[in-house]
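# Any chance you can model this:
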Amino acid sequence: MWAPTRRQLLAGSGAIIASSSLTNVTRAQSASMVPLRVGVVMPASTGLTKVKTSINDLIGDAGRQGSLVAEARIGDEALLDDIRLVLLMASAPSAESSQRAGHRLVATGDIDALVGGVGAGQTDVLGAIAEKAEIPFFNVGSPRDVLRRADCRRFTFHIEASAAMYLDAMVAWGAAQGYRRWFVVHENNADGEDLVRRGVTAVNRHGAGGEVVGAAPAIPLQPFYGPQINAARDADTDAFLVLLSDIDQIAFVAQQESVDFIVPTVLFPHPNTQTRDYMAAFREFTRGITQDYRFALWDTTLEARGAAEFNTRYITRWGDPTDPTAWSSFHAIRILFETVRAIGTTDGPAVVDYLENAGTEFDLLKGPGTSFRPWDHQLRQPLYLVKVDQDAVWDRTTPSSRVAIAEVAGELPDLGEQVVDPVALLDLFGDGPEGPNCSV
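Okay, the predicted model is just below:
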């Protein structure tokens, strides 16, 4: 049976916070409270692994669970500021269902913000809905650069890192390892072409004099990479930059290892590839010769700056490692709450103005400087290097086993303790203000 916390009793609120997805019981609330209603649109586990969209079940579940942790934790804080936080949860495995859910939430839920973007096309449709409704939308699932440039929107803000940020971090780390002759393998489509162009830019900016010695397209989901591997061998490459999909990355590395072309392979970190379950699957089908390190938005083994408490709280509640989408969904709601508390209103344009302000920063357990770039609405933040333990025992039913399969090995860029200008340091990764401006 539910019981009010001591903190709620001391606040004298007499309010009970409940997710609309969990209960239909009407709760009496103080008339003086400001309602903060957030629509959360995520894929949910279907149990049907043959359904194409089921690949997003894990990151969708992490986003939903991170949002529910936010409802409980931030909801208590909100009561002390006379803000009543309410989440309205919607399951949407595809862009089409996400669009229907978004329209429904806006029409009937009287929402003040949207959180989502997990799965192909979902950021596009939810961003369009938020733009029309003039409410903020927080993208927690798509790194596509076009959403931050040519297709940017004033009411969309990106918690998920951009592809440009990931590529800059990947190349900078590779350059530190001595990689100079990069060969790029990418999908034979528009997104693949965008990634390879930005990969070349990353090498020019952060490659320490390195160069792209070749690039080869590959047809998605047709995993034969003999021509690409042979082309790289002929080009005398010393590192692969692999920009294939999460599924095709496993097939590529397995084939590369099978022909004993053992050069380092740096893999693009799609949201799915950052989960512990993906790392276990990858390890199962490859020998781990060419690829020990991965890149991530967040990791469940982080401890500094309050990360240990957050990760422990999440794992204790759900029995799952804190995959990155859990962190991003929780902190999307944290950012929205702190903004409403600071400006005293849920008005969408006022929220946008506050988020774009150069002096607005948030404590997101990642250190100083975490703020939104006004030109592309991308959250400035460090990324993480994660080392996979090729020998750790994997047990899907044991949380400690799932956590132990990998650990944080570095921060990119490293904010350290004595950074004078963290914003400038964080802006080394990602695109600058040239081009379209999302704040207009």
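# where do the helices sit along the stretch 151-300 of the chain?
Listed in chain order, the helices of the stretch 151-300 of the chain (DSSP state H, counting those that start in this stretch) span 163-176, 190-206, 226-234, 246-258, 276-285.
# tilt between the second one and helix 163-176?
When axes from the mean of the first three to the mean of the last three CA atoms, to 10 degrees is applied, the directions of helix 190-206 and helix 163-176 differ by 50 degrees.
# go on, the fourth one?
Relative orientation of helix 246-258 versus helix 163-176 (the same axes, to 10 degrees): 20 degrees.
# Including mean neighbour count, could the helices of the stretch 151-300 of the chain go into JSON lines?
The C-beta positions use only the backbone N, C-alpha and C, and glycine is treated the same way. Shown next, in JSON lines, are those (neighbours: other CB atoms under 10 Å):
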{"stretch": "helix 163-176", "mean neighbour count": "24"}
{"stretch": "helix 190-206", "mean neighbour count": "19"}
{"stretch": "helix 226-234", "mean neighbour count": "16"}
{"stretch": "helix 246-258", "mean neighbour count": "19"}
{"stretch": "helix 276-285", "mean neighbour count": "18"}
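# Can you lay out those helices as JSON lines showing mean pLDDT?
Formatted as JSON lines, the helices of the stretch 151-300 of the chain follow (pLDDT from 0 to 100):
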{"stretch": "helix 163-176", "mean pLDDT": "98"}
{"stretch": "helix 190-206", "mean pLDDT": "98"}
{"stretch": "helix 226-234", "mean pLDDT": "96"}
{"stretch": "helix 246-258", "mean pLDDT": "93"}
{"stretch": "helix 276-285", "mean pLDDT": "92"}
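# Output the lowest mean pLDDT helix or strand found in the protein.
Using mean pLDDT, DSSP states H and E, helix 6-11 stands out as the lowest-scoring helix or strand of the chain, at a mean of 36.
# export the helix or strand that that helix is followed by as CSV, just CAs?
Using DSSP states H and E, the helix or strand that directly follows helix 6-11 along the chain is strand 34-42. Coordinates of each C-alpha in strand 34-42 appear next as CSV, following Å, rounded to 0.1, in the frame of the first residue of the first chain:
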residue,chain,number,x,y,z
VAL,A,34,1.8,24.1,-10.8
PRO,A,35,1.1,20.9,-12.8
LEU,A,36,4.0,19.7,-14.9
ARG,A,37,2.8,17.1,-17.3
VAL,A,38,5.3,15.2,-19.4
GLY,A,39,4.5,12.8,-22.2
VAL,A,40,7.0,9.9,-22.4
VAL,A,41,6.9,8.0,-25.7
MET,A,42,9.1,4.8,-25.7
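# Could you identify the longest helix within the chain?
helix 57-80 (DSSP state H).
# can you give me the mean pLDDT across that one?
The average pLDDT within helix 57-80 is 96.
# buried residues in it?
57-71, 73-76, 78-79 (16 or more other CB atoms under 10 Å).
# where does this structure dip in pLDDT?
For the chain, the stretches with pLDDT under 70 are 1-31, 46-54.
# Could you say which helix or strand holds the closest residue to residue 159 other than its chain neighbours?
What sits nearest to residue 159 in space, not counting adjacent residues and going by CB to CB, 6 or more residues apart in numbering, is residue 328, at 4.3 Å. Per DSSP H and E: residue 328 is located in helix 324-343.
# how distant is that helix from the center of its chain?
13 Å (CA atoms, centre = their mean, to the nearest Å).
# ok, now how distant is residue 105 from residue 89?
Residue 105 sits at a distance of 10 Å from residue 89 (criterion: CB to CB, to the nearest Å).
# So which of these two has more stuff around it?
residue 105 (24 against 21; other CB atoms under 10 Å).
# which residues touch the closest residue in space to that one that isn't next to it in sequence?
Spatial nearest neighbour of residue 105, excluding adjacent residues (CB to CB, 6+ apart): residue 39 at 3.8 Å. Residue 39 is in contact with 87-88, 90, 101-102, 105-106, 109, 111, 113-116, counting by CB atoms under 8 Å, 6 or more residues apart in numbering.
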